[in-house]
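>>> What shape does this take:
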Amino acid sequence: MRVLLSTIGSRGEAQPITALAVRLRALGNDVEVVAPPDFEELVTGNGVTFTPVGPNLRAATAVGTTPDDLRRLVEESVREQFRVVTKAAGRADVLVAGGALQHATRSVAESIGAHYVYASFCANTLPSPHHAPPALLGRVPVNGTVEENLAQWDQHRHYFTSARDTLNAERAKLGLGPIDDVRDHIFGDAPWLAADPVLGPWPGPGDLVQTGAWLIDDERPLSTDLRAFLDDGEPPVYFGLGSMRGAPDTADEAVAAARELGKRVVLQRGWADLRLADDAPDCIAIGEVNQQALFRRVAVIVHHGGAGTTTTAAAAGRPQIVLPHMYDQYYWGSQVERLDIGRAAKAVTTETLAEALHLADQAEELSDQVRTDGAQNAAERLMAL
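Numbering: from 1, shown residues only. Okay, the predicted model is just below:
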């Protein structure tokens, strides 16, 4: 079977797509991943064929944009997706769209008669009267009554309409008719939820395929310097914001809070290129890292609230502090609080860090419930289509 997996998101979407690709390839399938060029090493390093789409995401997100710029970027993205996905699809049997704004994948699948699956990595990115939509363009919806949530989802639909004319123009080139509701077209009739059912359960209505989170088995060793730092004292506090452009003083606040409690810090630089304010031996700054190995050796994990980081932290059995910035991150902050395995906050304070440290037992107890077979489950389901 030939499978094309496509995403235009950050590492939080590219990594689970890669995890699924690895499992599909191990089962004897021909697999290709289409993703932003930032993730070529991630994909090819796991033995999977890679095709880039769009600009370098890290560079693009570092530049501010006006509403007009955003509309132009969306239109360019839709055209680029159609160009790349159409060429890569070939005679694929299944096309999987991973994450948001996958405008081309379903249309290309339709044009070649392939199966189509839309996969979400968080429950609140799929419409339900039981939760509010994700945060978009600075607006952070708040859970309300069923009627209030449905009204917010109606508003959410409008975020997709700006690309409708471009989408339909590209569909016409493939000999396909126009569509009116862009969002529901992308989501499809039977979306999958690639999230852990304990951390992020589907609230209904109805049943959908919830496979569990798609996790890569990361075998990379920790660096010599990092191992030496970890071995030289008690478990430290981890601080990292992934692909978010967090304010530099956020890291400074976290370091100050940790020091006040006598804790050391591992600071991951991330896309914001965070830096330590001094070279004291109680802190270390690192680059890309095997989070699965590192998280088991820290006391608290402070992060932005991405789906993958939240799941990896929970599986490691360590309490979390979520500092949400956008999209699904507010949801994951609320989930770690619901499960009492962490806290959501705007910044790290001594009080918040102390609270999180006292949740170690709850976090450890929940870790055994986190599924690690989500990618395998999804791969087998795809092969049964």
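
>>> got the contact list for residue 203?
123, 128, 130, 131 (CB atoms under 8 Å, 6 or more residues apart in numbering). Bear in mind the C-beta positions are built from the backbone N, C-alpha and C, glycine included.

>>> Make a PyMOL selection of whichever of those turn out to be buried.
With 16 or more other CB atoms under 10 Å as the criterion, this PyMOL line picks the buried residues out of the contacts of residue 203:
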select buried, resi 123+128+131
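
>>> Name the nearest of the contacts of residue 203 relative to residue 383.
Distance to residue 383, by CB to CB, is smallest for residue 123 among the contacts of residue 203, at 24.8 Å.

>>> Not counting residues beside it along the chain, what's closest to the closest one?
Nearest residue to residue 123, sequence neighbours excluded (CB to CB, 6 or more residues apart in numbering): residue 200, at 4.8 Å.

>>> give me the number of residues near that neighbour?
Residues lying near residue 200 (other CB atoms under 10 Å) number 24.

>>> what helix or strand is it on?
Per DSSP states H and E, residue 200 falls between elements, in no helix or strand.

>>> Give me the subset of the contacts of residue 203 lying in strands.
Within these, no residue falls in strands by DSSP state E.

>>> now the contacts of residue 203 as a markdown table including pLDDT and distance to residue 5?
Below are the contacts of residue 203 laid out as a markdown table (pLDDT from 0 to 100; distance: CB to CB, whole Å):
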| residue | pLDDT | distance to residue 5 |
| --- | --- | --- |
| 123 | 96 | 21 |
| 128 | 96 | 25 |
| 130 | 95 | 29 |
| 131 | 95 | 27 |
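
>>> What's the local residue count around residue 87?
Quick note: residue 87 (other CB under 10 Å) scores 11 neighbours.

>>> can you check residue 346 too?
Count around residue 346 with other CB under 10 Å applied: 9.

>>> Ignoring the adjacent residues along the chain, who's closest to it?
residue 323 is the one closest to residue 346 (CB to CB, 6+ apart), at 7.0 Å.

>>> And the one you found, its phi and psi?
With angles defined as degrees, to the nearest 10, residue 323 sits at phi -110, psi 80.

>>> count of residues packed around residue 154?
Neighbours of residue 154 (other CB under 10 Å): 11.

>>> what does residue 188 give?
Using other CB under 10 Å, residue 188 has 16 neighbouring residues.

>>> what about it, distance to residue 257?
According to CB to CB, to the nearest Å, residue 188 and residue 257 sit 44 Å apart.

>>> next one: residue 233
For residue 233, the distance to residue 257 - CB to CB - is 17 Å.

>>> between the two, who's got more neighbours?
Taking neighbours as other CB under 10 Å, residue 233 and residue 257 compare with residue 257 leading, 23 against 11.

>>> secondary structure class for that one?
On the three-state scheme (DSSP: H, G, I helix; E, B strand; the rest coil), residue 257 is labelled helix.

>>> what sits against the residue nearest to residue 123?
Taking CB under 8 Å, 6+ apart, one finds 122, 123, 193, 307, 331, 332, 335 in contact with residue 200.

>>> Figure out the helix or strand that the last one lives in.
Looking back up the chat, that one is residue 335. Using DSSP H and E, residue 335 sits in helix 329-338.

>>> what lines up beside whatever helix or strand comes next after that helix in the sheet?
The first helix or strand that comes after helix 329-338 along the chain, using DSSP H and E, is strand 342-344. Using DSSP bridges, strand 342-344 pairs in its sheet with strand 320-322 (parallel).

>>> quick revisit: generate a ChimeraX selection restricted to the buried entries among the contacts of residue 200.
The buried subset of the contacts of residue 200, as determined by 16+ other CB under 10 Å, is captured in ChimeraX by this line:
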select :122,123,193,307,331,332,335
